Structures are given as structure tokens and as C-alpha cells.
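> just coords:
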């Protein structure tokens, strides 16, 4: 229960524009931010710069956080992932993914495109929820957090070949669950 109170305290301090909130944020969530940025950014100095950038983004955007739209940790994770992707692109690294929006809809998107995107997101969410917790976690680690197969294998006690095989089966299952559409 204490973790939840600390989270609310940090949010309150940040919204009150108190530097103690920024310090608590760095202490409590710095490791998570580094973990998310790690697979995307190659150098330690880039990862540390990214952590500072994420802390600043959270400070500037704290009023945009709404508990009813998602968890605090998920919000931080999206900001960290997007900041790492932005930095990697600035450094000239090509990435096969799009940054995720912190908001529900993209600005300037026509209603039809927004509806299609939302329907696809719902189909993917339903397909992911049909997976086992283990498979869902593996999917997120590889395709959302961009962790390498080697890192996943090392952290899960598997071989890289076993991880690759499981990912192949997960992609095939998701494709089937989504009616042949790529995940």
C-alpha cells in the first residue's frame, strides 16, 4: 500500500511544482526509465540524457496525466519509450516502430482514420488479452519495449532460439485472432 501513497505524493508534489517531487520521481522511477530506454539507446550517456529528458517531460506535462486513462507507471513508460525513440532518431538510428501517443487520438487525424485506428487497437487489445500472461509479457518486451532477443533470453533463463520460436508462435496466434491482420 505504501507504494501507492508514494505515487500519489509524487504526483501531488509535481502538480504543486515542488522540486521535491522531481527528486522523488528520479529516485523512485529512474531505474524504470533506464530499463525502458536501455534497449533503444546504445550508449550509457544517451540513456542518462534520456532519463533527464523524461524527468523534464513529466515535470512539464504532469497536468496531462489522468488516472482514469491509465496507470502512473504506464504513463511514465510511454513517455520514456517515446523520449528514447526520439533521441535514437536524432542520433540517426532507424527504428521500426512509431512513437505512441500519450493522448487517445492524434491531432489532425480525420474521423474515419481515427475510427479505423481505434477499431484496430481494440482488436489488438482483445487478441493480446486472449494470450497467456507469459506470452503477453514476452510480446510487450520485444515489440513495445524493443528489448533484444538476447536480453529477453538472459532475463528469462531461456535460449535465444526458444524466445524467437515463442515470438513466432505468438505473432501467428495474434494474426489468427485478428482475422489475418498483422499485429
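Now that the structure is in, tell me what you want to look at. Computed from a predicted model, the values in this text were never measured in an experiment.
> how about low-confidence regions in this structure?
1-5, 93-110, 181-183 (pLDDT under 70).
> same thing but 50
Residues of the chain meeting the criterion pLDDT under 50: 1-4, 98-106.
> Please enumerate the strands of it.
Under the criterion DSSP state E, the chain contains no strands.
> which stretches of it form helices?
Taking DSSP state H, the helices of the chain run over residues 2-15, 19-37, 44-61, 72-90, 111-130, 133-139, 149-156, 160-177.
> Turn those into a markdown table, including mean neighbour count.
Using the backbone N, CA and C atoms, a C-beta is placed for each residue, glycine as well. Below are the helices of the chain laid out as a markdown table (neighbours: other C-beta atoms under 10 Å):
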| stretch | mean neighbour count |
| --- | --- |
| helix 2-15 | 14 |
| helix 19-37 | 17 |
| helix 44-61 | 17 |
| helix 72-90 | 19 |
| helix 111-130 | 12 |
| helix 133-139 | 15 |
| helix 149-156 | 15 |
| helix 160-177 | 15 |
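> you'd agree residue 37 is up against residue 50?
Yes: with contact defined as C-beta atoms under 8 Å, residue 37 and residue 50 form a contacting pair (4.5 Å).
> For those two, list the residues in contact with both.
80, 83, 84 (C-beta atoms under 8 Å, 6 or more residues apart in numbering).
> of those residues, closest to residue 147?
When the shared contacts of residue 37 and residue 50 are ranked by distance to residue 147 (C-beta to C-beta), residue 84 comes first, at 12.0 Å.
> Pretty sure the closest one sits against residue 43.
No: checked against C-beta under 8 Å, the pair residue 84 and residue 43 is beyond contact range at 11.8 Å.
> quick one: residue 112 from residue 145, how far?
To residue 145, residue 112 is 31 Å away according to C-beta to C-beta, to the nearest Å.
> can the shared contacts of residue 37 and residue 50 go into a markdown table with extra columns for distance to residue 120?
Output for these, formatted as a markdown table (distance: C-beta to C-beta, whole Å):
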| residue | distance to residue 120 |
| --- | --- |
| 80 | 24 |
| 83 | 25 |
| 84 | 24 |
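> of those, closest to residue 168?
Nearest to residue 168 among the shared contacts of residue 37 and residue 50 is residue 84, at 26.0 Å by C-beta to C-beta.
> Centre of the chain to stretch 155-170, how far?
20 Å (C-alpha atoms, centre = their mean, to the nearest Å).
> what does that stretch contact?
Under C-beta under 8 Å, 6+ apart, the answer for stretch 155-170 is 131, 135, 138, 139, 142, 149, 150, 152, 153.
> can we see that at 6 Å?
Identification of contacts with stretch 155-170 by C-beta atoms under 6 Å, 6 or more residues apart in numbering yields 135, 139, 142, 149, 150, 152, 153.
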